[in-house]
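Build the 3D model from these lines:
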Amino acid sequence: MDAVTSSPRRWWALIAIVLSVLTVGFDTTILNVALPTLATALDAGSDDLQWIVNAYVLVFAGLLLPMGALGDRYGRKRLLMIGLALFAGSSLVAVSATDALQVIAARALMGIGGAILTPLTMAVLPVLFDEHERGRAISVLSMGMGVGLPLGPIIGGYLLEHFWWGSIFVINIPVALVALVAVALLVPESRAATPRRVDLLGAGLSTVGLVALVYGVIEAPTRGWTDARVLAGLVGGVALVAAFVLVERRAKSPMIDLRLFRRPRFAWGTAAGTLSSFALFGVLFILPQYLQAVRGDDALGVGLRLLPLIAGLFVGAPLGERLAHLTVTRVPVAGGLLIGALGLGLGVRTGVGSGYGTVATWLAIAGAGIGLAITPAMDEVLGALPRDEAGSGTAITMTFRQVAGALGVALLGSLSSAVYRGRLDGAPEAARRSVAAGVTLAARTGDAALALAARTAFVDAMAAVLMVCSAIGVIGALLAALFLPDARRHPGAEESVDGLTRVA
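As a prediction, this is how the structure comes out:
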């Protein structure tokens, strides 16, 4: 055990890291609550609102891989501080914005900050904690990430009710600045002992390829999967990512080492995290619509009613870490994914007249399952990484999870739209656009039958989405049970794959 991993300051440093991820965590959900207000205050059309959201997502997804590699080369603490400063600075730009274009530019800058913070907050954990404590640290970090999910709507709803629209960005500034100071004082600097040269070609291909791919994915539900722009984004993105893989395999100093995927701990830990993200993002896409349009909850109420999901995560994350030490990693990972699938399967039975207790129950079960699985899965990923490649390796996993989340929203959004429209066959076209449009039209015309039909159609659509998410969880559980390594590594044991050797 070295001086860093034995210092009591490491737990205070973990608090600084949690503050960093919390800054990113609630920013996205707080924005979703504010979109109607921004539309009025900035005279923003639907395209403007879409780009306020997507500017962040596209920049974030495109820069995850190069930012992880840059952290390994130039220093992870240094990059973390730059990311937090960018987040605070871009939030200040958004606060002072006078039109939608300025907000879009600020959101793109936030995307750069988020792309720095997301992989590097996880990458510094092996520097601070040894193998025995790393799982506990990951569970704390996972809970910190989870807290941001309901905090966004809760804080956003309160701020918009009592202050002006810019307050949703003001809240980022003190949190980011406190995290910046804490990281500066408490987190030790770490970087690769033998840094690689900057791989400009690899960085360019990965960034443009992922931006194109994610653009195609997020535009597909609106424009249709056969739209020329969507196809160009999807095909071009896949082609560029494939070119990136070929370049990285042949490069003398690649940005990321693709041989990491030959390590079962890394490959299947990443797979478990990716499938969890697909299911979780799908739930977070569909459930707020149910709570608002079917149950009639406001934005603040939606945030509060997501708390059982977070409570489940808070129970599952530390339990997964303990079980991984008592048994083998595949037990909590496979078991957690299966429990998550059970919770989502119970959600399929939710009806128009179901009480909130029913929703809270299956949400808590799903959250506990995801928490149980994700902590040991991420511990496996970090445990398989050489310390020199902690940033770039973690960035690979986070990129897979983010793309899976975007793909989950797109595919499941298309599925829910198809089911909803199919169930309302014969209804006015305005009502078939979305459940919110259907309920609004029914209220305006006083058509109680249309309101019930719209809510029933959406509940059927939600059931289809939850069924798919549950199936994804079952598939993930089977893969984890079959392919995750049988036993945990012990200090001093070595893992070697094609010349990649490290002390596990």
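
Domains of this protein: list them as residue ranges, please.
According to automatic domain parsing, the chain comprises the domains 1-191, 197-254, 264-488.

Next, format the ones you listed as a markdown table and append mean pLDDT and mean neighbour count.
Glycine gets a C-beta too; all of them are placed from N, C-alpha and C. As requested, the domains of the chain are exported to a markdown table (pLDDT from 0 to 100; neighbours: other Cβ atoms under 10 Å):
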| stretch | mean pLDDT | mean neighbour count |
| --- | --- | --- |
| domain 1-191 | 82 | 21 |
| domain 197-254 | 86 | 17 |
| domain 264-488 | 86 | 21 |
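
Just give the closest residue to the spatially most central residue of the chain, not the sequence neighbours.
The centroid of the chain falls nearest to Q402 when counting by Cα atoms, centre = their mean (5.4 Å). The shortest distance from Q402 to any non-neighbouring residue, by Cβ to Cβ, 6 or more residues apart in numbering, is to A61 (5.4 Å).

Quick one: residues contacting the closest residue in space to A239 that isn't next to it in sequence.
Closest residue in space to A239, ignoring its immediate chain neighbours: G209 at 7.6 Å, by Cβ to Cβ, 6+ apart. G209 is in contact with 236-241, 243-244, counting by Cβ atoms under 8 Å, 6 or more residues apart in numbering.

Which of the residues you listed sits closest to A220?
Nearest to A220 among the contacts of G209, counting by Cβ to Cβ, is G237 at 11.9 Å.

can you tell me which residues contact the closest residue to the closest one other than its chain neighbours?
Among residues not flanking G237 along the chain, L213 sits closest, at 2.8 Å (Cβ to Cβ, 6+ apart). Neighbouring residues of L213 by Cβ under 8 Å, 6+ apart: 233-234, 237-238, 240-241, 403.

mind listing which of the residues you listed are in helices?
Counting by DSSP state H, the contacts of L213 place 233-234, 237-238, 240-241, 403 in helices.

Serialize these to JSON lines and add fields for distance to A443.
As requested, the ones in helices among the contacts of L213 are arranged in JSON lines below (distance: Cβ to Cβ, whole Å):
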{"residue": "G233", "distance to A443": "37"}
{"residue": "L234", "distance to A443": "38"}
{"residue": "G237", "distance to A443": "41"}
{"residue": "V238", "distance to A443": "44"}
{"residue": "L240", "distance to A443": "47"}
{"residue": "V241", "distance to A443": "46"}
{"residue": "V403", "distance to A443": "38"}
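
What helices and strands are in contact with the longest helix along the chain?
Counting residues, the longest helix found in the chain (DSSP H) is helix 448-483. Contact analysis of helix 448-483 by 3 or more Cβ pairs under 8 Å, 6 or more residues apart in numbering; DSSP states H and E lists helix 264-289, helix 330-347, helix 356-383, helix 390-423, helix 435-445 as its packing neighbours.

the inter-axis angle of that helix versus helix 264-289?
Counting by axes from the mean of the first three to the mean of the last three Cα atoms, to 10 degrees, helix 448-483 lies at 170 degrees to helix 264-289.

Make residue 1 into 336 and carry on from there
Sure, I'll start numbering at 336, so the last one becomes helix 783-818.

could I get the contacts of G544 as a markdown table with distance to A472?
Formatted as a markdown table, those follow (distance: Cβ to Cβ, whole Å):
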| residue | distance to A472 |
| --- | --- |
| G571 | 39 |
| G572 | 34 |
| V573 | 36 |
| A574 | 39 |
| L575 | 35 |
| V576 | 31 |
| A578 | 37 |
| F579 | 31 |
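
Out of those, which comes closest to F464?
Compare each of those with F464 using Cβ to Cβ and the shortest gap goes to F579, at 31.8 Å.

So for the closest one, what's the nearest residue that isn't a sequence neighbour?
L540 (3.9 Å).

ok, now which ones touch the one you found?
575-576, 578-579, 582.

Relative to T372, how far out is it?
39 Å (Cβ to Cβ, to the nearest Å).

nearest residue to G728 other than its sequence neighbours?
Per Cβ to Cβ, 6+ apart, closest to G728 is L720, 4.0 Å.

Using the three-state scheme, assign that neighbour.
At L720, secondary structure determined by DSSP: H, G, I helix; E, B strand; the rest coil is coil.

residue contacts, it?
Going by Cβ under 8 Å, 6+ apart, L720 touches 461, 595, 601, 728-729, 837.

Looking at these, which is nearest R345?
Closest to R345, out of all of these and judged by Cβ to Cβ, is P461, at 11.4 Å.

Touching, that closest one and V716? I think so.
No - with contact defined as Cβ atoms under 8 Å, P461 does not count as touching V716 (10.5 Å).

How about the contacts made by A567?
Neighbours of A567 in contact, by Cβ under 8 Å, 6+ apart: 547, 551.

repeat that with 10 Å
The contact partners of A567, by Cβ atoms under 10 Å, 6 or more residues apart in numbering, come to 547, 550-551.

Reformat the residues you listed as CSV; add secondary structure and distance to P763.
Formatted as CSV, those follow (DSSP: H, G, I helix; E, B strand; the rest coil; distance: Cβ to Cβ, whole Å):
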residue, secondary structure, distance to P763
A547, helix, 37
Y550, helix, 32
G551, helix, 31
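
For these, give me CSV that also has distance to V803.
Putting those into CSV (distance: Cβ to Cβ, whole Å) gives the following:
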residue, distance to V803
A547, 25
Y550, 23
G551, 20
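
For the residue nearest to A574, what is the enclosing helix or strand?
helix 535-558 (DSSP states H and E).

what distance separates that helix from the middle of the whole chain?
17 Å (Cα atoms, centre = their mean, to the nearest Å).

ok, now stretch 600-617?
Put simply, stretch 600-617 sits 11 Å off its chain's centre (Cα atoms, centre = their mean).

contacting residues for the residue nearest to L460 when sequence neighbours are not counted?
In space, not counting the residues next to it along the chain, L460 is nearest to A472; the distance is 5.1 Å by Cβ to Cβ, 6+ apart. Neighbour list for A472: 345-346, 348-349, 352-353, 457, 459-461, 463-464, 656, 710, 714, 717 [criterion: Cβ under 10 Å, 6+ apart].

Checking A472 next. Helix, strand or coil?
Judged by three-state DSSP, the three-state class of A472 is helix.

What's the separation between it and A519?
A472 is 20 Å from A519, by Cβ to Cβ.

can you pull out the helices in the stretch 336-485 of the chain?
338-341, 344-376, 381-409, 411-430, 435-458, 460-463, 466-497 (DSSP state H, counting those that start in this stretch).

other SSEs contacting the third one?
When contacts are defined as 3 or more Cβ pairs under 10 Å, 6 or more residues apart in numbering; DSSP states H and E, helix 381-409 packs onto helix 344-376, helix 411-430, helix 435-458, helix 535-558, helix 725-758.

any chance of these in JSON lines, plus distance to M797?
Conversion of the helices and strands packed on helix 381-409 to JSON lines gives the following (distance: least, Cβ to Cβ, whole Å):
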{"stretch": "helix 344-376", "distance to M797": "18"}
{"stretch": "helix 411-430", "distance to M797": "33"}
{"stretch": "helix 435-458", "distance to M797": "29"}
{"stretch": "helix 535-558", "distance to M797": "15"}
{"stretch": "helix 725-758", "distance to M797": "7"}
